[in-house]
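Enquirer: quick one: sequence plus predicted model below, questions after.
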Amino acid sequence: MGAEAGGPYLPGLLSLREGPCLSAAVRALGASCDVLLIDATGVDHPRLAGLALHLGAVLGLPTVGVTHRPLLAQGAWPQDARGAHSPLTLDGDVVGTWLRTRRGARPVAVHPGWRTTLDDAIAVVSAAASGHRTPEPLRHARHLARIARANG
DNA sequence: GCGACAG
DNA sequence: ATCTTGTCGC
């Protein structure tokens, strides 16, 4: 599978670098899915078009984004309780939410993506986290990426 | 020119 | 992202 980056990493232009490779990879799977969990933002973007939204539009698949921190949006952290969440706003609009996936760990930023709502996003990330800060699918993907990188 | 803005 | 060091909880 072609794994060439589409360009250098530049804040706001992540989809230019990761988009081509990711869309090709998802298509290569040849399998259907209910929703794609993307390590990127949605409307929280300089042009309101983060990679989670971009990829979902290109593939025609629902997406939910989750990142360590917001790109431009801001919001106070929720209380330190599992499942607690607080809004992330950009120019007065709620574009995502902080979500405490695990007690004692800093919250993750959750972003509604292509054809998903804020509630959908929270539900998907909460269910996928299951006790860990990072959703299991993303931890698994990173694990596989490390192994692939170690080989050739 | 500098700062910072996903990864 | 990637790297290193230190701390905490299971």
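Expert: Now that the structure is in, tell me what you want to look at.
Enquirer: residues in contact with residue A:97?
Expert: Residue A:97 makes contact with A:75, A:85-88, A:109-110, A:118, A:121-122, according to Cβ atoms under 8 Å, 6 or more residues apart in numbering. The C-beta positions use only the backbone N, C-alpha and C, and glycine is treated the same way.
Enquirer: hmm, try it at 7 Å
Expert: Residues in contact with residue A:97 (Cβ atoms under 7 Å, 6 or more residues apart in numbering) are A:85-88, A:110, A:118, A:122.
Enquirer: closest point of chain A to DNA strand B, which residue?
Expert: DNA strand B sits closest to residue A:11 of chain A, with a gap of 2.0 Å, by Cβ to the nearest atom of the strand.
Enquirer: and for that residue, the neighbour number?
Expert: Neighbour count of residue A:11, defined by other Cβ atoms under 10 Å: 9.
Enquirer: give me the element it is part of.
Expert: Of the helices and strands defined by DSSP states H and E, none includes residue A:11.
Enquirer: any idea how far it is from residue A:67?
Expert: Going from residue A:11 to residue A:67 by Cβ to Cβ, to the nearest Å gives 12 Å.
Enquirer: before we move on, what about residue A:22?
Expert: Distance of residue A:22 to residue A:67, computed by Cβ to Cβ: 15 Å.
Enquirer: give me the pLDDT for residue A:2.
Expert: We have a pLDDT of 49 for residue A:2.
Enquirer: what's across from the residue nearest the centre of chain A in the sheet?
Expert: When chain A is reduced to its mean C-alpha position, the nearest residue by Cα atoms, centre = their mean turns out to be residue A:65, at 2.5 Å. Judged by DSSP bridges, the bridge partners of residue A:65 are residue A:38, residue A:111.
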